[in-house]
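[1] What follows is a predicted structure for the sequence shown.
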Amino acid sequence: MVPEVPPELSRLLLPAALSLALLLLLLSCLPHPARGPAAKKMAQQPVGHGHTENMGAGKAIAVLTSGGDAQGMNAAVRAVVRVGIYTGAKVYFVHEGYQGLVDGGDNIKEATWESVSMMLQLDFRTREGRLKAARNLVKRGITNLCVIGGDGSLTGADTFRAEWSSLLGELLKEAKKSSHLNIVGMVGSIDNDFCGTDMTIGTDSALHRIMEIVDAITTTAQSHQRTFVLEVMGRHCGYLALITALACGADWVFIPESPPEDDWEDHLCRRLTETRLGGSRLNIIIVAEGAIDKHGKAITSEDIKTLVVKRLGYDTRVTILGHVQRGGTPSAFDRILGSRMGVEAVMALLEGTPETPACVVSLSGNQAVRLPLMECVQVTKDVTTAMNEGRFDDALKLRGRSFQNNWNVYKLLAHIRPPSTKSGYTLAVLNVGAPAAGMNAAVRSTVRIGLIHGHRMLAVHDGFEGLACGMIEEIGWDRVGPWTGLGGSKLGTKRTLPKKYFEEISNNINSFGIHGLIIIGGFEAFTGSLELVEGRAKFEELCIPLCVIPATVSNNVPGSDFSIGADTALNTITTTCDRIKQSAAGTKRRVFIIETMGGFCGYLATMAGLAGGADAAYIYEEHFNIHDLQVNVEHLTEKMKTTVKRGLVLRNERCNENYTTDFIYNLYSEEGKGIFDCRKNVLGHMQQGGTPTPFDRNFGTKMGAKAVAWITGKIKECSRHGRIFANTADSACLLGMRKRSLVFQPLADLKEQTDFEHRLPKEQWWLRLRPILKILAKYNIELDTSEKAHLEHVTRKRISLESNI
């Protein structure tokens, strides 16, 4: 459960949970998190322009839910409500969803900071019902609507907006001050079937539930040498099935957007037989619930089981996951996504004018964007139309670039085998630095895509030290098969840097005939690769292309917004915080001080604080002093007077050499005497362990595939008369996610963006989210409105995949 949400919220939200929220406000300009370059040390004081706290004065907000449930919507509703109250607006809850909006009366009640209660029903589809709803809105001066739900809910809201003028005409005098209705949507659906956003709220949590079950099934299947057919939800969208297949290395996946060829039965049986002959003790087949063949006939789990048993005689079991995918607590990603989207939606509404089209707040890469609502709804409908008409290539393209990339990477890894003719090139892959969940998925993808390109693939054990000592072996297709879901590093990893081993490394590069290096790791991988580039001046063998893939729980590698492993660590911290706070449910009046990893980087502390509803998160990047600590203690003292009688404070392990975890614990314990007591927890290396999350598995898989495609092209580019010579800056790059895309950046360019003393990038995007954390914790600060997400249009053009993939 999202922290600081009282029991009544959970009881009412989770059964019907969270699909449609109405937020209605008058026009103005909402405060927004600072989005410009972050200072190295941000002062813990109000930031931004203007007096944002009073922007909602005299305005009204209403919130309701309707439709199917999706984890993470609690966070979105919480953000909308608290930011609304923060701006000075009145916030109302509409009980019984749309029906409550139609009936009015006691169904619409004012909310407080601590209370969030909603239910759902539907009698909104008739014009008579919408007329009653309009009357109830007009009575309260509400002219803005924020919808959190799927395409059906969003379409209904847009219909309401289109009819608004005529509805007001029937209400006459009551409608004088309500000439228009603004609408902003947030998409909440586990299916991720809404075009225009990379991820809908609830999808990541559903993937977590699925992968937990798949991992458990994998264990029993290996014990008994079985084939498992797993059916996942998604209606007519194959996203959940596709990402599950990528994340577990499934032998086959059936999705409605790309039905198999007519001879798929023969192909499937041949594929399963090859896997068994290769030494695998299990087969996994993922089926989307809407899977069909080329002629529109449904392909069911039982059909597949019957085929495998009849043709191959394999012990085959079917597991239909069902509504377990909708249950459980939301993932850290969904909590943060819901909070960010909630704030962005409020801003979009308050900036709206009568001419502003209804928009939906979406996620594109790492950016919040606004898209015309009905354009997105129309493209979503176009996908279904294309599938019904048998235009499956069009359906894939309409799903968007991210879906296409996932599908093509899966096909490469699952359906294409290494060619008989070889490229003549040799690639080596190694892990450097501390272990991070998802490293093995990246190595697996790198090896298999390399083999598909015809390369000879070498595995280097124990990082740069292993490269110097000759701990190098050839690695094949089947060896890496089950690695996707394994935590840690199967290759072994060390923090040793290569500078003192240049001669030995050069000799081994020469003797093993290595033409390119793919280095997967954290800050040591980055600095070690820079040393290799510097060594090119003296050692010609080092003049080969190299690519760095960021993989560290600290998320402190310059050139990338995310690192492999950070999501797994973040979920570990968030889950632990949930359990620790739950332990205070009986005792109450308790504050927990929790220390997180990250070195000098405050990413984990900040994002876990946002996901866990922390009251404070101390980090190195944002300076704090004894006065700030005093303010935090006073804040918690006031909080203990409310219905939420517990506190959570996170501290990054190296945020301040003097204000240690013990110091803060002792300070809080002393100052809180008689009001609250304290407990402290140092989470330690548990943050580096565990199985990787679906995000880290998928991210690692795609990063590995893209790195091999790039380095293959670079080797060919640097090849002259059968010899590789790469000494240009762009022949040594780091692959990172920057805002909306994966990009290759020369290591030399990233040196200027790095604080080497503290092992940090000089600019970090997530610092812009810290004001949201403080506002949701009820601190008195201001937000920066200098940079906003502007309305964009949905691209309908045929998006081509990156050529090399």
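    Noted; the coordinates are in hand. Numbering: from 1, shown residues only.

[2] and after the lowest-mean-pLDDT helix or strand in the chain, which helix or strand comes next?
    Within the chain, confidence by mean pLDDT, DSSP states H and E is lowest for helix 7-16 among all helices and strands, at a mean of 35. Beyond helix 7-16 on the C-terminal side, the first helix or strand identified by DSSP states H and E is strand 60-63.

[3] State the next helix or strand along the chain beyond that next one.
    Remark: after strand 60-63, the chain's next helix or strand is helix 73-86, criterion DSSP H and E.

[4] Can I get the very next helix or strand once past that next one in PDB? Just the C-alpha atoms.
    Next helix or strand after helix 73-86 toward the C-terminus (DSSP H and E): strand 90-94. The C-alpha trace of strand 90-94 is given here as PDB (Å, rounded to 0.1, in the frame of the first residue of the first chain):
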ATOM      1  CA  LYS A  90     -10.800  22.500  -1.800                       C
ATOM      2  CA  VAL A  91     -10.700  18.800  -2.600                       C
ATOM      3  CA  TYR A  92     -13.900  16.700  -2.800                       C
ATOM      4  CA  PHE A  93     -14.300  12.900  -3.000                       C
ATOM      5  CA  VAL A  94     -17.100  11.600  -5.200                       C
END
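
[5] which helices and strands does strand 90-94 pack with?
    With contacts taken as 3 or more C-beta pairs under 8 Å, 6 or more residues apart in numbering; DSSP states H and E, strand 90-94 sits against strand 60-63, helix 73-86, strand 108-110. All C-beta atoms are positioned from the backbone trio N, CA, C, and that covers glycine.

[6] Can you flag the weakest of the ones you listed by average pLDDT?
    Across the helices and strands packed on strand 90-94, strand 60-63 has the smallest mean pLDDT, namely a mean of 71.

[7] could you say what helices and strands it packs with?
    helix 73-86, strand 90-94.

[8] how about 6 Å then?
    Under the contact definition 3 or more C-beta pairs under 6 Å, 6 or more residues apart in numbering; DSSP states H and E, strand 60-63 sits against strand 90-94.

[9] Neighbouring strands of the strand it packs on in the sheet, and parallel or not?
    strand 60-63 (parallel), strand 108-110 (antiparallel) (DSSP bridges).

[10] winner for burial among those strands?
    Scoring the strands paired with strand 90-94 by mean neighbour count under mean count of other C-beta atoms under 10 Å gives strand 60-63 as the most buried, with a mean of 25.

[11] Pull that one out as PDB, backbone CA atoms only.
    Extracted in PDB, the C-alpha atoms of strand 60-63 (Å, rounded to 0.1, in the frame of the first residue of the first chain):
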ATOM      1  CA  ALA A  60     -12.400  23.200  -6.200                       C
ATOM      2  CA  ILE A  61     -11.200  19.700  -7.000                       C
ATOM      3  CA  ALA A  62     -13.300  16.500  -7.200                       C
ATOM      4  CA  VAL A  63     -11.900  12.900  -7.400                       C
END
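
[12] returning to what we had before: quick one, which of the strands paired with strand 90-94 is nearest to T701?
    Among the strands paired with strand 90-94, strand 60-63 comes nearest to T701, with 38.2 Å by C-beta to C-beta.

[13] returning to that earlier point: make CSV from the strands paired with strand 90-94 and add distance to F744 to it.
    As requested, the strands paired with strand 90-94 are arranged in CSV below (distance: least, C-beta to C-beta, whole Å):
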stretch, distance to F744
strand 60-63, 44
strand 108-110, 53
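
[14] quick one: which of these is nearest T329?
    That would be strand 60-63 among the strands paired with strand 90-94, by C-beta to C-beta, at 21.1 Å.

[15] rewinding a little: how about the strands paired with strand 90-94, which one is nearest H455?
    Across these, closest to H455 is strand 60-63 (C-beta to C-beta), at 55.1 Å.
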